[in-house]
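> what shape does this take:
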Amino acid sequence: MTTVLVTGASGMLGANAVVALRPRHRVVAASGTATGTVDGTPLRPVDLAAAGAADELVGRERPDLVLHCAALTDVDACEARPDEARRANVEATARVAEACRRHGAVLAYVSTDAVYDGGHGDHREDEPPAPVNVYARTKAEGEDAARAVLADALVLRTTMHGWRPGPRTSFSEAILRALLRGERPTLFTDVRFSPLVAGEIAETAERLWRAGAQGTFNVGAADGVDKHAFGRLAAEAFGLDPSPIVAIRLAERRLAAPRPLDCSMDVARLTAAVGAPPTVAEGLQRLWRELEDGTAERLRGRPGRTLEELLGKEEG
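Here you go, the predicted model:
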């Protein structure tokens, strides 16, 4: 059986990767921020930016694939603490890449759609990165760090939603929870993206690896939507009334870090390699199915196959 090492396994993408890939692989889950388990898989504590830590982990586990999800992803926190962002997103990536090179593992580095400047839509992989904030800048530098060590590394530029482990909520969960509570969530009409469900991203990384793909891929939905439209689609997919969702523009919010406006992505290269990804609406149907089939409760670590049970109106 092949072995997949998932870093950042306590985060949304990492946890979804553990759940999605475990039926077909021996999965090793590593985290620098949490202990315990993800759906029964123990989290191995590791500080990947520490000298020798990544090499020791990869050398001991001998993975065939390292899906490097670990990162500091809080955009405003990165803006406030750039040194911490660089350590997590660049230095740790360089050490993971070197460990993969040393021990013969394939590296799939999870980057972000935010490396694009957002000045237009349908961004292509051959566009030079033009990040507008510290988070995106360190993720672009992480891409360079991976390529400097492994010219054949997979770089996955992506953006996601889905079921998140623990008490925190993802973007889609936050919208659904607000509607359940009778609140009026505010969503941007001028910020566009091409989000995929986290489990779909993990499975796409697996397909690219199986296909022997190399280089940079936009791993996004087949279409792009603005965040207000996404919220309405999410509500409709779960049988909720979308009318309480309030449309606003990015300039109406005072955010610490600047944000790109249009990060929708061209996925022609991905489609040619492993087939077309789902649309945003199809992804939200998958999110619904993951609620019904128990995937969501396994990820969140609490029983519930209805939104009310799973998201818990009492939680903040």
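
> dump the residue contacts of Glu79.
133-135, 256-257 (CB atoms under 8 Å, 6 or more residues apart in numbering). Placement of C-beta: from N, CA and C, glycine included.

> and the one helix or strand it maps to, how far out from the chain's middle?
Element membership of Glu79, judged by DSSP states H and E, is helix 75-80. Chain-centre distance of helix 75-80: 17 Å, with CA atoms, centre = their mean, to the nearest Å.

> what's the answer for stretch 183-203, then?
For stretch 183-203, the distance to the chain centre is 11 Å (CA atoms, centre = their mean).

> show me which residues of that stretch are buried.
Buried residues in stretch 183-203, counting neighbours by 16 or more other CB atoms under 10 Å, are found at 185, 187-188, 191-203.

> hmm, back to that, and the contacts of Glu79, which two are furthest apart?
Spanning the widest gap among the contacts of Glu79 are Tyr135 and Ala256, at 10.8 Å by CB to CB.

> of the two, who's got more company?
Set Tyr135 next to Ala256 and count neighbours by other CB atoms under 10 Å: Tyr135 wins out with 26 against 12.

> need the nearest residue in space to that one, chain neighbours excluded.
Take Tyr135 and drop its neighbours on the chain: the residue closest to it by CB to CB, 6 or more residues apart in numbering is Cys78, 3.8 Å away.

> isn't the one you found right up against Ala257?
Yes. Cys78 is within contact range of Ala257, at 7.0 Å (criterion: CB atoms under 8 Å).

> out of these two, which sits in the busier spot?
Cys78 (25 against 17).

> next up, the contacts around the residue nearest to Tyr135.
Taking CB under 8 Å, 6+ apart, one finds 72, 84-85, 89, 133-135, 138, 257 in contact with Cys78.

> just put those in a markdown table and tack on secondary structure, distance to Leu250 and pLDDT.
As requested, the contacts of Cys78 are arranged in a markdown table below (DSSP: H, G, I helix; E, B strand; the rest coil; distance: CB to CB, whole Å; pLDDT from 0 to 100):
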| residue | secondary structure | distance to Leu250 | pLDDT |
| --- | --- | --- | --- |
| Leu72 | coil | 22 | 97 |
| Glu84 | helix | 25 | 98 |
| Ala85 | helix | 22 | 98 |
| Asn89 | helix | 23 | 98 |
| Asn133 | coil | 13 | 98 |
| Val134 | helix | 18 | 98 |
| Tyr135 | helix | 16 | 98 |
| Thr138 | helix | 22 | 98 |
| Ala257 | coil | 12 | 94 |
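
> show the buried residues in those.
By 16+ other CB under 10 Å, the contacts of Cys78 give 72, 85, 89, 133-135, 138, 257 as buried.

> need the overlap of contacts for Cys78 and Ala257.
133-135.

> all the strands of this structure, residue numbers only.
For the chain, the strands defined by DSSP state E cover 3-7, 26-31, 37-38, 41-45, 65-68, 106-110, 154-158, 160-161, 186-188, 192-193, 196-197, 215-219, 225-226, 246-248.

> show the pLDDT at Leu310.
Leu310 is assigned a pLDDT of 87 by the prediction.

> how close does the spatially closest residue to it that is not a sequence neighbour sit to Arg286?
Counting by CB to CB, 6+ apart, Leu310 lies nearest to Gly304, which is 3.6 Å off, once chain neighbours are set aside. Note on Gly304: its distance to Arg286, by CB to CB, to the nearest Å, is 18 Å.

> what is the nearest of the buried ones among the contacts of Cys78 to Arg60?
Proximity of these to Arg60 was ranked by CB to CB; the top entry is Asn89 with 24.1 Å.

> roughly how far does Arg81 sit from Ala54?
Distance, Arg81 to Ala54, by CB to CB: 22 Å.

> who has more neighbours, those two?
In terms of neighbours (other CB under 10 Å), Ala54 is the more surrounded of Arg81 and Ala54; the figures are 30 against 15.

> can you give me the helices in the stretch 151-300 of the chain?
171-180, 198-210, 227-237, 268-274, 280-292, 295-300 (DSSP state H, counting those that start in this stretch).

> which strands and helices sit next to the first one?
To tie it back to what came earlier, the one meant is helix 171-180. Identification of packing neighbours for helix 171-180 by 3 or more CB pairs under 8 Å, 6 or more residues apart in numbering; DSSP states H and E yields strand 160-161, helix 227-237, helix 307-311.

> cool, the second one as well?
Other helices and strands packing on helix 198-210, by 3+ CB pairs under 8 Å, 6+ apart, are helix 12-21, strand 65-68, strand 106-110, strand 154-158, strand 160-161, strand 215-219, helix 268-274, helix 280-292.

> what lies in contact with it?
Counting by CB under 8 Å, 6+ apart, 4, 12-13, 15-17, 19-21, 24, 65, 67, 106, 108, 110, 154, 156, 158, 160-163, 170, 196, 217, 219, 270, 273-275, 277-278, 283, 286, 290, 295 sit against helix 198-210.

> buried only: go through these for me.
Applying 16+ other CB under 10 Å to the contacts of helix 198-210 flags 4, 12-13, 15-17, 19-21, 65, 67, 106, 108, 110, 154, 156, 158, 160-163, 170, 196, 217, 219, 270, 273-274, 277-278, 283, 286, 290, 295 as buried.
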